[in-house]
Structures are given as C-alpha cells and as structure tokens.
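Visitor: fold the following, please.
(2 chains)
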Protein chains: 2
Amino acid sequence: METVSTNRSHGGTQGVYSHASSATGTPMTFSVFVPDHAPDAKLPVLWYLSGLTCTHANVTEKGEFRAACAEHGIVFVAPDTSPRGEDVPDDEGYDFGKGAGFYVDATQEPWTKNFRMRDYIEQELPRLIAAQFPVDMARQGITGHSMGGHGALTISLRNPGRFRSTSAFSPIVSPLHCPWGEKALTGYLGEDRANWREYDAVALIEDGARLPDLLVDQGTADNFLEEQLKTPLLDRACREADMPATIRMQEGYDHSYYFISTFMAEHVGWHAQRLKA
Amino acid sequence: METVSTNRSHGGTQGVYSHASSATGTPMTFSVFVPDHAPDAKLPVLWYLSGLTCTHANVTEKGEFRAACAEHGIVFVAPDTSPRGEDVPDDEGYDFGKGAGFYVDATQEPWTKNFRMRDYIEQELPRLIAAQFPVDMARQGITGHSMGGHGALTISLRNPGRFRSTSAFSPIVSPLHCPWGEKALTGYLGEDRANWREYDAVALIEDGARLPDLLVDQGTADNFLEEQLKTPLLDRACREADMPATIRMQEGYDHSYYFISTFMAEHVGWHAQRLKA
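Guide: Numbering: from 1, shown residues only, chains lettered A, B, ... in the order given. This next block holds a predicted model:
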C-alpha cells in the first residue's frame, strides 16, 4: 500500500492510498479518514460506496463526514467505483464500465478480468484496511449513494452479521427494474435475470435476506427518483418482509452532494449509535 | 442577474448566479447560500473571498459552511477571484492574472480595463446582493483564505464600520513582503510601493487603520507560511497598534480546504456572535 496524500482535518488524518489489487488486476485508490485516538485503540469503521462516475475523491472532498466521524471516533473508508487504467475495458456511457462497477463480479467478457468489485469490496479491501489501519472489524457499518447505495444494501444483505448498521442515500433499490441496472447487469452478468437477484436489494429481501434495521434518505426533487431509484419498491419490500426500515423522503433535495452532505452527519450519528452500543 | 443553478442544502438554498459586471467589463459568477427564513426577514451576510486559482466553486463545494450558516441564519456570499473570458489578459503563472485578481483596482496596462476587483467587491457586488437577496447590509462580516484572507483584511481595514466582524484563514498578511504580493502588485499597480500600502493589511494597520477585533487561523504545516503568508508580521502589527486580534497557529494543518473546512463552523459562529449582537 502506498500513501498518495495525507492532510490534517477535523482533528484527524484524511489519507488517500493506492495498492495493487489482486481482485481487479489493477492499481486501486481509496481514501481513509482516521480521527485522533488513544494509542492501541481500535475504532469502528464506516464504509461509504460512491455512485456512478465517482472516484474516492467526490465524497472525500464534498461529503462533510469528517466533523461527525471525529466526534464519534469512527474511521471512514471510501473506495473507488471501478477498476481504472488504459488496459481496462470501458463503455461510451457514463453508466457502464469505468466509474460504474455496480459492485458486482462480472461473468461476461470482456469484463471478467477486471470488473470484480464485489470481491474487491467484500474481501480484498477489508483485509487491507484491517491490516493497515487502527480499526475494529467487529464494528463495521456501511452506507453509500445511488449506485453505491445499491452496493451498501446488497453487500450488507448478502453478509448477515458483518455490518452492525446499514444506511443509504438515494440508493438504486432494484437494478432489475431500472434502465441503469438493466444495462449494467446485462453487460456484466448476461441475460439471465435469475443471476441478478443477489445484486438487487429488493430481490434479496424478497428471497429472505434481512437486516436488523435500515436508514434511507431520498430527495423528492431527485431527477432519477422515478425512473432509476424507485424508493417505493424498497419501502414495499421492507413492509412485506416486516423488516424495520426508516425511509425518509426529503422535501426539495436532489441527487447531488448538496443533499448527501446535508444528512451525512445524521447518518454518521445513526451508525455510531449502533457501532458503539 | 441570471440563476446558473440552485440546490437545496442544509435547510436552505445554495445558488450560483452570474451577471454582467460594469466594474470588470465581463460576466462574473458568484455563489450565495440563503438559509430558510421567515417571509420579509433580512439576514446578516458573511462574505468569503477565495484564494489563488479559485473560483466561487471551491468553497461552495468544499467549505463546509452551510450547516453553520443555517444554524445561525446567515447568508454566505462567495465571489470569483478575477475577471474571466477569452478577451481578458492573463499571465502564464497561477499567481497573476486570471484567478489572481488580488482584490485591487489595476493602474497598469493591460490590466486596467478588467482587473478592478476592489471596485467589484467593495461597490458593485454589494449593491447587487442588497437588491437581489434577503440581506441586512447593516450586518455584514467578511472572511477569506490566503489571497482572499488578504482581501478580507484589507477591504475591512479600508472601510471602517462597514463590517461588524472580520476573520481570515491563512491570509497573505503583507503583499509588500512576499513574492506573490511583489509579483502581483508590481504588475497591477506599478513599481511605486507607496501605492501598494492600501492593499497591505500590515501597512494599513501601521498607517492607522483599526478593526475592533480579528480572528485568524493559520496552519503550522502550511507550505506557504514562511515565504508568502508571514503571519508573525500581522501579529506584530496588531500588538504594536494595540489592536485586539486572536491569531491561532493550528498544529499540523496545511493550506488546503481540509484545513479551512475544519475551522469554518467556528468562524461562522464567531461572525454570528458579532452580527447578531
């Protein structure tokens, strides 16, 4: 692991790091915020998965999470959204290929070699974080935005007990039922929709996966709400499964970091309550 | 005035606007955050002047001021740092010409036509803000970063009584005594250093200008501290003039928005105390 940069911020260290990933076969870059802490202390970890077109940098610069993470003593990890590099295949659209890994392990060519973001986020990066940072991996939470909200929900639903807390900002709740999901999952996983269900939060709940609870914020002025995000499908799935979920429609807010940053401190506090209980 | 964009954020509206400036002879873009407020309410205003290479966008995206401004009911205005456009003269360096207006009215060619940032910030933009936004111009505060900290200090010192509160993040305290200042003021104002003194916070204090008080934060790990910013010169000038000033050296912090955002809420609170007294 190489240190790209460190900056002192909000009583802690905001770092950016890179490493050679065996999962993706490429260098991968991620950011970690570590609040000041007692020597030998192991802090809870909050994972943040980013949305389409983003790298680690968007939330690191615009997310307004550091004050709350410092207050609660929580490490914040922000990975990239796909493999990068000239040799990595890509698509002309912003919503498939680089910047759009969808947190899946691709089974279709030419994507199988590099597009293994599920393996990277579920297996490889946690091992690296556990080895290199002062974290208590028994106390992990996960959140994310849009495609990253989809990532947070599906990874948490597939790994019961790993995360003590799960939340999302404007998540894609069902790739099976939106153009972004249909394009990406057809491309990465092929035409058989049965193979998509483990990458679909609503389908996972329908198929029996459960979380102890869930916090979702969704802006009512979000241009993607109706066609792509479809929050009501998640609300219905949770109700039908009798799974506790706090799904809040936030009046007038859109899909941007102006929205995310508004509710970030509240999400960090919500995770802290569960991670430090 | 045209609205470029508005986003709901932190219980208010973050807008970006543009207008044809008579001071600079160019279109100028600026951002304004307006917290939700009672109908007919007039809110205090905090001006934020940005540093070298910045536009309105840097602090708007990375400044972390909105939560505090919403809490205290303060409008936050962030102008650009120079005129822009293909017809505007420029310099190859990042520290002169576009993105580096230094908040002066140029007297040297080819800069006189467009580089009138003092006139723009002191006269034209306040009139526009007063006419277009729900602000109480009897309650203004001013702050800024680096070149913008220089702007905030000098504008406030030259206009006694206009600002109820003045602060700065890592300001250039004396353009007369640093390479950035020498290059820019020679270029905009000519060789006669007597003409620079009204654009130098330390010189203005030496020449008798006073503020009721002052808050300055400066990182000790700031690469520009020793050669360009020279905080001790301001500290000495304030002591010799018996002018109250809180100048804080912040251990380990650098020149970036990771530093600014850390102390932004505290500055907003400091201004709020004086603007709402």
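
Visitor: all strands of chain A, in order?
Guide: A:2-9, A:12-20, A:27-35, A:43-49, A:75-79, A:135-144, A:163-169, A:215-219, A:246-250 (DSSP state E).

Visitor: using CSV, write down the CA coordinates of the last one.
Guide: Going back to what we said before, that points to strand A:246-250. Extracted as CSV, the C-alpha positions of strand A:246-250 are listed here (Å, rounded to 0.1, in the frame of the first residue of the first chain):
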residue,chain,number,x,y,z
THR,A,246,-36.6,4.2,8.2
ILE,A,247,-37.1,5.6,4.7
ARG,A,248,-37.3,9.3,4.6
MET,A,249,-38.4,11.4,1.7
GLN,A,250,-36.6,14.7,2.0
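
Visitor: from chain B, how far out is the nearest residue to A:T60 once chain neighbours are set aside?
Guide: Excluding its sequence neighbours, the residue lying closest to A:T60 (C-beta to C-beta, 6 or more residues apart in numbering or on different chains) is A:S31, at 4.4 Å. C-beta: built from backbone N, CA, C; applies to glycine. Distance of A:S31 to chain B, computed by C-beta to the nearest C-beta, to the nearest Å: 11 Å.

Visitor: so A:S31 bridges to which residues?
Guide: Taking DSSP bridges as the rule, A:S31 bridges to A:V16, A:A78.

Visitor: hang on, the earlier thing: could the strands of chain A be laid out in a markdown table, adding mean neighbour count?
Guide: Written out in a markdown table, the entries for the strands of chain A read as follows (neighbours: other C-beta atoms under 10 Å in any protein chain shown):
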| stretch | mean neighbour count |
| --- | --- |
| strand A:2-9 | 16 |
| strand A:12-20 | 18 |
| strand A:27-35 | 22 |
| strand A:43-49 | 26 |
| strand A:75-79 | 26 |
| strand A:135-144 | 22 |
| strand A:163-169 | 27 |
| strand A:215-219 | 25 |
| strand A:246-250 | 15 |
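
Visitor: in CSV, list the ones you listed along with distance to B:Y258 and mean pLDDT.
Guide: Below are these laid out as CSV (distance: least, C-beta to C-beta, whole Å; pLDDT from 0 to 100):
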stretch, distance to B:Y258, mean pLDDT
strand A:2-9, 4, 98
strand A:12-20, 6, 98
strand A:27-35, 10, 98
strand A:43-49, 17, 98
strand A:75-79, 13, 98
strand A:135-144, 21, 98
strand A:163-169, 22, 98
strand A:215-219, 25, 98
strand A:246-250, 27, 98
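
Visitor: spit out the contact partners of the residue nearest to A:T60.
Guide: Neighbour list for A:S31: A:14-17, A:56-57, A:59-60, A:77-78 [criterion: C-beta atoms under 8 Å, 6 or more residues apart in numbering or on different chains].

Visitor: now the two most distant members of those.
Guide: Distance extremes for these: the farthest pair is A:Y17 and A:V59 at 15.2 Å, using C-beta to C-beta.

Visitor: residue of the stretch 151-277 of chain A nearest chain B, please.
Guide: A:Y258 (3.8 Å; C-beta to the nearest C-beta).

Visitor: mind checking how far that residue is from A:M264?
Guide: 11 Å (C-beta to C-beta, to the nearest Å).

Visitor: so those two - more neighbours on which side?
Guide: Using other C-beta atoms under 10 Å in any protein chain shown as the criterion, A:Y258 and A:M264 rank with A:M264 on top: 27 against 24.

Visitor: okay but that one is in contact with A:G63, surely?
Guide: Yes: the criterion here is C-beta atoms under 8 Å, and A:M264 meets it with A:G63 at 5.7 Å.

Visitor: which positions in chain A make contact with chain B?
Guide: Chain A has residues A:7-11, A:14, A:61-62, A:64, A:66-67, A:219, A:221, A:252-254, A:256-259, A:261-262, A:265 near chain B, with proximity defined as C-beta under 8 Å from any C-beta of the partner chain.

Visitor: which ones are touching the residue nearest the centre of chain A?
Guide: Closest residue to the average C-alpha location of chain A: A:L49 at 2.3 Å, with C-alpha atoms, centre = their mean. Residues near A:L49 by C-beta under 8 Å, 6+ apart: A:79, A:81, A:103, A:121, A:142-145, A:147-149, A:151-152, A:155.

Visitor: looking at these, which one is closest to A:D40?
Guide: Distances from A:D40 to the contacts of A:L49, taken by C-beta to C-beta, are shortest for A:I142, at 25.4 Å.

Visitor: does the closest one touch A:S156 like I think?
Guide: Yes: under the criterion of C-beta under 8 Å, A:I142 makes contact with A:S156 at 5.4 Å.

Visitor: anything in contact with each of those two?
Guide: Going by C-beta under 8 Å, 6+ apart, residues that sit against A:I142 and also against A:S156 are A:163, A:166.

Visitor: surely A:V59 is in contact with A:H267?
Guide: No: judged on C-beta under 8 Å, A:V59 makes no contact with A:H267 at a distance of 11.7 Å.

Visitor: the more surrounded of the two?
Guide: Counted by other C-beta under 10 Å, A:V59 and A:H267 do not tie: A:V59 has more neighbours, with 27 against 23.

Visitor: re earlier: what subset of the residues of chain A next to chain B is buried?
Guide: A:7-10, A:14, A:61-62, A:64, A:66-67, A:219, A:253-254, A:256-259, A:261-262, A:265 (16 or more other C-beta atoms under 10 Å in any protein chain shown).

Visitor: distance of the residue nearest to the centre of chain A relative to chain B?
Guide: 20 Å.

Visitor: show me what contacts A:V202?
Guide: Taking C-beta under 8 Å, 6+ apart as the criterion, A:V202 is in contact with A:173-174, A:176-177, A:233-234, A:237.

Visitor: cool, A:L125 as well?
Guide: Contacts of A:L125 by C-beta under 8 Å, 6+ apart are A:28, A:30, A:77, A:79.

Visitor: same question for A:T107.
Guide: Counting by C-beta under 8 Å, 6+ apart, A:T107 makes contact with A:188-190, A:195.

Visitor: turn those residues into CSV, columns for pLDDT and neighbour count.
Guide: What follows is the contacts of A:T107, written out as CSV (pLDDT from 0 to 100; neighbours: other C-beta atoms under 10 Å in any protein chain shown):
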residue, pLDDT, neighbour count
A:Y188, 98, 25
A:L189, 98, 22
A:G190, 98, 13
A:N195, 98, 14
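
Visitor: which one of the residues you listed is nearest A:V88?
Guide: A:Y188 (13.5 Å).

Visitor: measure the closest one to A:W196 for me?
Guide: Counting by C-beta to C-beta, the gap from A:Y188 to A:W196 is 9 Å.

Visitor: A:V4 versus A:A57, what's the distance?
Guide: From A:A57 to A:V4 the distance is 11 Å (C-beta to C-beta).

Visitor: list residues touching both of these two?
Guide: Between them, A:A57 and A:V4 share these contacting residues under C-beta under 8 Å, 6+ apart: A:V16.

Visitor: so where's the stretch 151-277 of chain A uncertain?
Guide: Counting by pLDDT under 70, the stretch 151-277 of chain A shows no low-confidence range.

Visitor: quick one: contacts for A:K42?
Guide: A:K42 makes contacts with A:134-136, as judged by C-beta under 8 Å, 6+ apart.

Visitor: give me that answer again for 6 Å
Guide: Contact analysis of A:K42 by C-beta atoms under 6 Å, 6 or more residues apart in numbering or on different chains lists A:134, A:136.

Visitor: give me the beta-bridge partners of the closest residue to A:W47 other than its chain neighbours?
Guide: Nearest residue to A:W47 in three dimensions, chain neighbours excluded: A:I142, at 4.3 Å (C-beta to C-beta, 6+ apart). Beta bridges link A:I142 to A:W47, A:T166, judged by DSSP bridges.

Visitor: now the end-to-end length of stretch A:207-215.
Guide: 20 Å (C-alpha to C-alpha, to the nearest Å).
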